[in-house]
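Trainee: 3D model of this:
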Amino acid sequence: MQTLHFDSADLELTEEFLSKAYTPMRIGGRAESTRGQVWRHATGSTSIDLLDFDYDMSHNAQPIGKYCLGNVHAGTIVRQYFPEGTQGTFGPGDVFMYAPHDRPYAGVIQGARYNLIMFDPLLLAQVAAAVPGRKPGELRLTGDRPVSAAAARHLRRTIAYLHEQVLADPVICDAPLVASTASQLLAVSVLNTFPNNALSDALPGEQGDGHPDALRRAIAFIDAYAGTDITAVDIATAARVSLRALQYAFRRHLDTTPMGYLRQVRLSCAHADLLAADPTGGATVTAIAARWGFFQTGRFSAAYRAAYGRFPTQTLAQRPL
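Mentor: You can find the predicted model right below:
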């Protein structure tokens, strides 16, 4: 977990900080009041920052190497990226693609308070690989604005949840599986919000191979590596079948998905840890759930109760003999 807080009224220091925290840039704009603040919560290659500038600031920046989204709370942002010159003006309530990972960009921050959300492009490709029938190849966001108001609202809620409750809590965020799951949750929300080629490039359905041997290899791999950051693509590779064939096998024989089965295994592992834990020694439901990739404690409790007929706190309270 990474956190930082920057607070300065010096434009030169602000330019230096922004260049180190994001990408080399030159900022312009002078005003009597020049206070700028940045708060960062990050895990792995994913970060969600809150920025607050009480003056107008123009900037020109080099490619940042990551997808960068904006989420405006107050003020106005005018943004342009190159070479095609796509420009947009965004205000409170707008969520948008601030810049692609591979293009220079420019803009004007007009007394704005906003989030910058940055993540590795490979994260989108990893999540998109699970789309049934998708052809291999580069994933692209093909538009900078949400496909609908409902999609935008969902992404804003996801950003707020991750920034305020997940990435801000060291107990939860420091668990490796939580870091991975949080990043994947963000990526899924982004793909559901912005136009992209994940679905448009999908191939017509293929029936695939539902052979039990492939299923057994997949289950053995999941059981062995449930405590690590594995994806549906990793499972398919271990089972020596295509992702489409793997999904078909799980649906046909177990009435679930590979990732759904992985969540079941992790829930079982969390159950075993709760049974073995001693609450007087500092063990908590939150920490055990986070160890197995469950960072939404309420949902973990509901899933646990559905599976075991009691709340996880009740299991933890029963110390082993």
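
Trainee: sticking with Gln264, tell me its helix or strand.
Mentor: helix 258-276 (DSSP states H and E).

Trainee: list the buried ones in that helix?
Mentor: The neighbour-count check on helix 258-276 (16 or more other C-beta atoms under 10 Å) flags 258-259, 261-267, 269-271, 273-274 as buried. (C-beta placed from N, C-alpha, C; glycine too.)

Trainee: ok, now stretch 40-52?
Mentor: Arg40, His41, Ala42, Thr43, Gly44, Thr46, Ser47, Ile48, Asp49, Leu50, Leu51, Asp52.

Trainee: out of the helices and strands in this protein, which is least certain?
Mentor: Here the helix or strand of the chain ranked lowest by mean pLDDT, DSSP states H and E is helix 197-200, holding a mean of 64.

Trainee: just flag the most distant two among the buried residues of helix 258-276.
Mentor: Spatial extent of the buried residues of helix 258-276 (C-beta to C-beta) is set by the pair Pro258 and Leu274 at 24.9 Å.

Trainee: could you list every helix and strand in contact with the very next helix or strand once past the least confident helix or strand of the chain?
Mentor: Counting by DSSP H and E, the next helix or strand C-terminal to helix 197-200 is helix 212-225. Packing partners of helix 212-225 (3 or more C-beta pairs under 8 Å, 6 or more residues apart in numbering; DSSP states H and E): helix 232-239, helix 243-254, helix 258-276.

Trainee: mind putting those in CSV, mean pLDDT and distance to Ile77 included?
Mentor: Listed next are the helices and strands packed on helix 212-225 as CSV, based on pLDDT from 0 to 100; distance: least, C-beta to C-beta, whole Å:
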stretch, mean pLDDT, distance to Ile77
helix 232-239, 86, 36
helix 243-254, 87, 38
helix 258-276, 91, 36
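
Trainee: which one of the ones you listed lies closest to Leu18?
Mentor: helix 232-239 (35.5 Å).

Trainee: do I have it right that Ala125 meets Glu138?
Mentor: Yes. Counting by C-beta atoms under 8 Å, Ala125 does reach Glu138; the two are 7.4 Å apart.

Trainee: now do the strands in the chain.
Mentor: 2-8, 25-28, 36-43, 46-53, 56-61, 67-81, 86-90, 95-99, 105-119 (DSSP state E).
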